[in-house]
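here's my sequence, what's the structure:
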Amino acid sequence: MVLALLACVENGLAERKLDSLAVVLGDFDDVGTALSRMGVGVTEYDGFVVQATYEAEEGRTRRGEVGLSLEQLLTRDDTSGRAEIQLYQAVFINSGSRGLNAWRYDNLFEPDDSVLTDADALESLCGFVNGGETLVLSDWAYDAVEACWPDAVNFFGDEGGESGDTDAAQTGEASSLVSADVVSPELVERVGSDTVSLAYDFSNWAVITSVGPETEVLLSGAVRYQPSSGESFQTLVDVPLLVRFTHNKGQVVYSTFHWAAQPPGLTDALLLGAVEGLADASKGGA
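As a prediction, the model looks like this:
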């Protein structure tokens with residue numbers, strides 16, 4: 001068993017074994033390394049827009065070099081009507097996965113919104129959580145949250161409670177360290193402190209301004225952002241940095257930061273505390 005999710009059933013707890021996990025590879029984040037470090041086996045799907053930026057230049061994995069693809073994960077079979085994502089019980093989508101952006105970051109004349117504009121693909125992704133499973137996303141993958149559960153998280157650029165334009169929230173300033181308050185008591189116990197320092201290794205990360213009433217804020221802090229090109233940077237205080245919510249018994253965890261940019265010990269502790277039921281198999285338990 002690599003993952004177990006505890007779900008409330010009447011007055012007790014029922015343990016559901018989750019043995020199959022998938023990771024969608026993206027250009028900017030690499031949560032899979034942390035999962036491997038914890039002895040969690042995953043199936044990888046190529047979601048690169050271009051290539052991995054977190055690997056050394058000479059060893060970077062490029063788009064098309066991984067056998068399985070994001071499109072394959074989300075495409076429904078003509079016969080069964082089921083998408084491959086339904087084979088899994090938890091899916092992790094890294095920042096920089098294709099299909100979830102207005103334009104390619106390296107070519108602003110080429111759209112990169114194939115998932116957001118494909119009704120079937122989006123239904124596969126939203127339905128995965130709506131069917132009771134776990135979805136973990138980071139940074140630029142936020143547009144999936146906007147598309148599927150617009151009331152759960154309010155990102156910068158949302159007006160009057162309505163979801164903003166695709167990529168509108170990508171305004172955060174790169175910073176070596178952002179001081180974050182650990183709001184969740186469980187995370188305080190996990191990390192051994194009520195504050196942590198988070199690294200934001202790329203600029204234009206997605207900024208959250210507030211959350212819906214059913215969304216739990218796990219980390220919060222003050223961040224600097226640029227409202228629009230040409231404007232000076234401004235500061236927002238006490239904004240959510242790591243959040244979690246449930247929908248139809250499914251679970252969504254969203255981080256504004258990249259998991260791979262944090263020290264390994266901190267990444268592991270945050271993942272174990274944020275993703276309900278995730279266990280460190282390398283240590284034989286939670």
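
where along the stretch 151-286 of the chain do the strands fall?
For the stretch 151-286 of the chain, the strands identified by DSSP state E, counting those that start in this stretch occupy 153-155, 170-172, 175-182, 195-200, 205-206, 208-211, 216-225, 234-247, 250-255, in order along the chain.

elements contacting the longest one?
Contacting strand 234-247 under the criterion 3 or more CB pairs under 8 Å, 6 or more residues apart in numbering; DSSP states H and E are the following elements: strand 153-155, strand 175-182, strand 208-211, strand 216-225, strand 250-255, helix 264-274. Any C-beta I mention is one placed from the backbone N, CA and C, and that applies to glycine too.

so how far is residue 52 from the most centrally placed residue in the chain?
The C-alpha lying nearest the average C-alpha coordinate of the chain belongs to residue 137 (CA atoms, centre = their mean; 1.0 Å). Using CB to CB, to the nearest Å, residue 137 is found at 17 Å from residue 52.

leaving out sequence neighbours, find the closest residue to residue 120.
residue 76 (5.6 Å; CB to CB, 6 or more residues apart in numbering).

for residue 27, that is, sorry about that
residue 96 (3.2 Å).

which stretches in this structure count as helices?
Taking DSSP state H as the test, the helices found in the chain are 31-37, 70-74, 119-130, 142-148, 185-191, 264-274.

what's the closest of these to residue 43?
Minimum separation from residue 43 across the helices of the chain (CB to CB) falls at helix 70-74, 9.2 Å.

list the buried residues for the closest one?
In terms of neighbour count (16 or more other CB atoms under 10 Å), helix 70-74 has its buried residues at 70, 71, 73, 74.

tell me which of these is nearest to residue 35?
residue 73 (16.7 Å).

in the stretch 101-250 of the chain, where is pLDDT below threshold?
Screening the stretch 101-250 of the chain residue by residue with the criterion pLDDT under 70, one finds the ranges 160.

let's see it at 80
159-164 (pLDDT under 80).

contacting residues for the closest residue to residue 256 other than its chain neighbours?
The spatial neighbour of residue 256 that comes closest, neighbours along the chain excluded (CB to CB, 6+ apart), is residue 241 at 5.0 Å. By CB atoms under 8 Å, 6 or more residues apart in numbering, the contact list for residue 241 reads 178, 180, 198, 208, 219, 220, 221, 223, 255, 256, 257.

quick one: contacts for the nearest residue to the fourth one once chain neighbours are set aside?
Setting aside the residues directly before and after it, residue 208 is nearest to residue 240 in space (CB to CB, 6+ apart), at 4.5 Å. With contact taken as CB under 8 Å, 6+ apart, residue 240 is in contact with 153, 208, 210, 211, 217, 219, 220, 256.

any idea how far residue 32 is from residue 240?
From residue 240 across to residue 32, the span is 24 Å (CB to CB).

what does residue 57 give?
When distance is defined by CB to CB, residue 57 is 20 Å away from residue 32.

of those two, which one has the most company?
residue 32 (20 against 7; other CB atoms under 10 Å).

okay but the more buried one is in contact with residue 24, surely?
No - no contact is recorded between residue 32 and residue 24 when judged using CB atoms under 8 Å, the distance being 9.4 Å.

which ones are touching residue 219?
With contacts defined as CB under 8 Å, 6+ apart, residue 219 is in contact with 180, 181, 182, 183, 184, 187, 196, 198, 240, 241, 242, 270.

could the residues you listed go into TSV alongside distance to residue 141?
TSV is the format used below for those (distance: CB to CB, whole Å):
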residue	distance to residue 141
180	20
181	24
182	23
183	22
184	21
187	21
196	22
198	17
240	16
241	15
242	14
270	17
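
for the residues you listed, which PyMOL command selects only the ones that are buried?
This is the PyMOL syntax for the buried subset of those, where burial follows 16+ other CB under 10 Å:
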select buried, resi 180+181+182+183+184+187+196+198+240+241+242+270
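
and which of the contacts of residue 219 is nearest residue 42?
Taking the contacts of residue 219 together and measuring to residue 42 by CB to CB, the closest member is residue 270, at 17.7 Å.

from what I can see the closest one touches residue 253, true?
No - the pair residue 270 and residue 253 fails to qualify as a contact (CB under 8 Å) at a distance of 9.6 Å.
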